[in-house]
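need a structure here:
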Amino acid sequence: MTYIGAELRRQVITRAGNCCEYCLLSQEDNFFTYHVDHVIPEKHEGETSIDNLALSCPSCNTFKGSDVGAFDRETGGLTPLFNPRTQVWEQHFRLNGAKIEALTPEGRVSVFLLRLNREDQLREREGLIKFNSYPCRALT
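Numbers count the residues shown, from 1 in each chain. Down below sits the predicted model:
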């Protein structure tokens, strides 16, 4: 695993507005430190460069692991995960209250693999919505 230096880490965090680029949860609303994630993992020859790094909450990063895709239940095809460096969140997902709904095959496999709508996450987002803290303001 390649070391990500402080300056590169700062650039990723600043670009993301301190928000998870997958679930839109703010680092300010999370007890745990966010991870700088290789969108295309090093295992798959992903580079440690600003163009291949995203800010990810521990939950999204843990479930993503080194996955790059999955089979989409609707199309049956092997489909890549949502890529925050090359794709726009709103083109692949929408919020329905606290639930993240998929709009595309990439969205569906991302919701599935990252388990974006677990009960604990929905409850957390519902509470943050009441305080006008979700979704993360920097990305909306």
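
low-confidence ranges, this structure, go.
Filtered on pLDDT under 70, the chain yields the residue ranges 1, 138-140.

in it, which residue is closest to the centre?
Among the residues of the chain, the one closest to the centroid is Y22, at 1.7 Å (C-alpha atoms, centre = their mean).

what helix or strand does it sit in?
Using DSSP states H and E, Y22 maps to neither a helix nor a strand.

cool, R15 as well?
Using DSSP H and E, R15 sits in helix 6-16.

put the alpha carbons of that helix into CSV.
Provided in CSV are the C-alpha atoms of helix 6-16 (Å, rounded to 0.1, in the frame of the first residue of the first chain):
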residue,chain,number,x,y,z
ALA,A,6,0.0,15.1,3.8
GLU,A,7,-0.2,17.5,0.8
LEU,A,8,-2.0,15.0,-1.4
ARG,A,9,-4.3,14.0,1.4
ARG,A,10,-5.1,17.7,2.0
GLN,A,11,-5.9,18.2,-1.7
VAL,A,12,-8.3,15.2,-1.7
ILE,A,13,-10.1,16.4,1.4
THR,A,14,-10.4,20.0,0.1
ARG,A,15,-11.7,18.9,-3.3
ALA,A,16,-14.3,16.7,-1.6
